[in-house]
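Mind folding the following:
(one chain, ligands or ions: 1)
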Amino acid sequence: MRHALITGVTGQDGAYLSKLLLESGYRVYGLDRRTSTPTTERLHYLEVADRVVLLDGDVTDQGSMVRALEGAEPDEVYNLAAQSFVGSSWRQPVLTTEVNAVGTVNVLEAIRLVNPKIRFYQASTSEMFGLTAEPVQSETSPFHPRSPYAIAKLCAHWTTINYRESYGMFACAGILFNHESPVRGIEFVSRKITDGVARVKHGLATDLRMGNLQAKRDWGFSGDYVRAMRLMLQADDPREYVVATGRAVTVEEFCRIAFAYAGLDWREYVRVDPQIARPADVPALCGNAAKVKAELGWQPTTTLEDLIAMMVEADLKRVRDERC
Ligand code: NAP
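Below you'll find the model as predicted:
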């Protein structure tokens with residue numbers, strides 16, 4: 001039986017990846033950092049909480065990484081742990097760099113020391129392209145990160161490549177474009193919108209305050225994207241892959257589809273609040289996933305409309321249940 005260790009197991013992708021790996025016959029271990037309240041809500045939502053073995057640890061504490069690797073004896077490590085919210089990275093730049101950049105060095109260094117044959121996946125991001133001049137980004141597009149989050153992720157991305165080139169380790173990175181689900185963090189724009197729709201629909205809010213409505217993103221479904229992570233670690237050679245749908249729409253269009261799904265007109269509820277704007281925005285991101293499709297046979301299966309419907313449905317139910 002293959003063993004996998006997931007850092008960031010309590011996050012959105014950690015939960016979907018746990019489910020996928022368990023269904024594929026893996027024994028799944030998850031790194032669980034100490035918090036004062038439980039963080040396994042997403043694992044429970046996907047009904048895998050009782051089958052994931054949690055190990056105490058934090059990616060900023062290298063000793064704990066060594067102990068987690070010794071405890072799990074993994075064949076594969078998926079490094080999903082991050083301060084993952086771009087907006088917070090301006091307010092907590094040092095922490096973001098510690099977790100996202102130094103944390104990745106810690107994980108790779110622990111693998112090198114404990115068992116360099118372990119296969120390693122790094123959660124890189126389309127935010128690394130940032131202020132890109134190319135309308136569609138692929139593995140060869142230049143990077144221009146625009147936030148402390150993206151800069152730290154770019155450091156982790158190059159560290160991953162450097163460990164491969166320096167030590168011959170099977171270390172690869174997926175450059176994933178935005179991907180969402182009903183368990184996306186509530187602060188992210190997609191979930192903020194679907195939660196806002198549910199709150200308006202149930203009479204708990206009269207408007208939804210938003211930042212830049214013209215930002216364009218390529219949104220996919222987390223359940224599809226974790227399949228690409230696993231495929232990368234089953235490949236013959238470690239490489240970098242863009243994972244995206246190839247369709248980008250504005251935040252405004254996301255609002256329109258989400259409100260319309262609940263029978264509402266977004267223009268009656270969405271208010272632009274300039275105070276929500278970011279110090280340096282990324283205007284548009286759209287990915288070309290031709291390489292991962294051709295080399296690893298990956299395909300997304302969920303349309304944007306289906307994804308938004310899934311998220312609005314889940315939030316309508318959650319808000320209704322909370323009211324009862
Ligand atoms: P998420 O829901 O925010 O999950 C982040 C996870 O990291 C949580 O489990 C969190 O634990 C954990 N974590 C934070 N600091 C840690 C630390 N110091 N030590 C150990 N664990 C720590 O993020 P996600 O959406 O699942 O994304 C997964 C990864 O993919 C992240 O690295 C993200 O930056 C990257 N990514 C995401 C997207 C996207 O659109 N979702 C796109 C590209 C790349 P707690 O539960 O204790 O907070």
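
Close to the ligand: what parts of the stretch 51-200 of the chain are there?
58-60, 80-84, 99, 103, 123, 125, 176, 178-179, 185 (Cβ under 6 Å from any ligand atom). Heads up, the C-betas are built off the backbone N, CA and C, glycines and all.

which one of the residues you listed sits closest to residue 15?
Closest approach to residue 15 among those (Cβ to Cβ): residue 80, at 10.0 Å.

Quick check: nearest residue in space to the closest one, chain neighbours excluded?
In this structure, residue 80 finds its nearest non-sequential neighbour in residue 8, 3.2 Å apart by Cβ to Cβ, 6 or more residues apart in numbering.

for that neighbour, what are its contacts?
14, 31, 78, 79, 80, 81, 82, 123 (Cβ atoms under 8 Å, 6 or more residues apart in numbering).

was I right about the fourth one contacting residue 107?
Yes. Distance between residue 79 and residue 107: 5.1 Å, which falls inside the contact criterion (Cβ atoms under 8 Å).

what sits in contact with each of the two?
The contact sets of residue 79 and residue 107 overlap at 7, 59, 120 (Cβ under 8 Å, 6+ apart).

which one of these sits closest to the ligand?
Among the shared contacts of residue 79 and residue 107, residue 59 lies closest to the ligand (Cβ to the nearest ligand atom), at 4.1 Å.

Of the shared contacts of residue 79 and residue 107, select the buried ones using a ChimeraX command.
The following ChimeraX selection, which keeps only the buried ones among the shared contacts of residue 79 and residue 107, applies the criterion 16 or more other Cβ atoms under 10 Å:
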select :7,59,120
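
Keep only those of the shared contacts of residue 79 and residue 107 that are in helices.
Applying DSSP state H to the shared contacts of residue 79 and residue 107, no entry is found in helices.

Residue 195: which of the shared contacts of residue 79 and residue 107 is nearest?
Nearest to residue 195 among the shared contacts of residue 79 and residue 107, with distances taken as Cβ to Cβ, is residue 7, at 26.8 Å.

Show me the beta-bridge partners of the closest one.
For residue 7, the beta-bridge partners are residue 79 (DSSP bridges).
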